[in-house]
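S.K.: With the input below, show me the fold.
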Amino acid sequence: MKLTEPIWRTVGARETQVDLADDAASVGAVLDELARLHPKFGEEIYGGPGEGDYHYSLFLNDQIVNIARRDEFRVQEGDEIFILLPVAGGDSC
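M.R.: This next block holds a predicted model:
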């Protein structure tokens, strides 16, 4: 799993690995396990201002994953999850 600013600071590394017993685990299970291991990660990834609000974008390999539907996406060994904070720009000149 690759993490960008500022969420990587919650686990102390820009890259981490999550090992699960289930060979057909969901993206949600991976995130939940990381949140269990690093509670600040859970607060940050799931802590939008309202129910169903999420600050981060999530990708499984090259496919965007809606965090609200994270349990619908299955991961296999070798898959990569990438979490980033989207950037919104200002005015163009």
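
S.K.: What sits closest to Ile81 if chain neighbours are left out?
M.R.: Met1 (4.5 Å; CB to CB, 6 or more residues apart in numbering). (Glycine included, C-beta is placed from N, CA and C.)

S.K.: contacting residues for Pro39?
M.R.: With contact set as CB atoms under 8 Å, 6 or more residues apart in numbering, Pro39 has no partners.

S.K.: Would you point out which residue is most central in the chain?
M.R.: Nearest to the mean C-alpha position of the chain, counting by CA atoms, centre = their mean, stands Ile83 at 4.5 Å.

S.K.: what's the helix or strand hosting that residue in contact with?
M.R.: Using DSSP states H and E, Ile83 sits within strand 81-84. Residues outside strand 81-84 that contact it (CB under 8 Å, 6+ apart): 1-4, 7, 27, 30-31, 45, 56-60, 75.

S.K.: So what's the model's average confidence on that strand?
M.R.: For strand 81-84, the mean pLDDT works out to 94.

S.K.: just the strands in this structure please.
M.R.: Assigned by DSSP state E, the chain shows strands spanning 2-3, 57-60, 63-65, 81-84.

S.K.: Which one of those strands lies nearest to Arg14?
M.R.: strand 2-3 (5.7 Å; CB to CB).

S.K.: Would you check the distance separating that closest one from the middle of the chain?
M.R.: 8 Å (CA atoms, centre = their mean, to the nearest Å).

S.K.: how much space between His38 and Ala68?
M.R.: His38 sits 21 Å away from Ala68, going by CB to CB, to the nearest Å.

S.K.: Having no further points to raise, I will conclude here.
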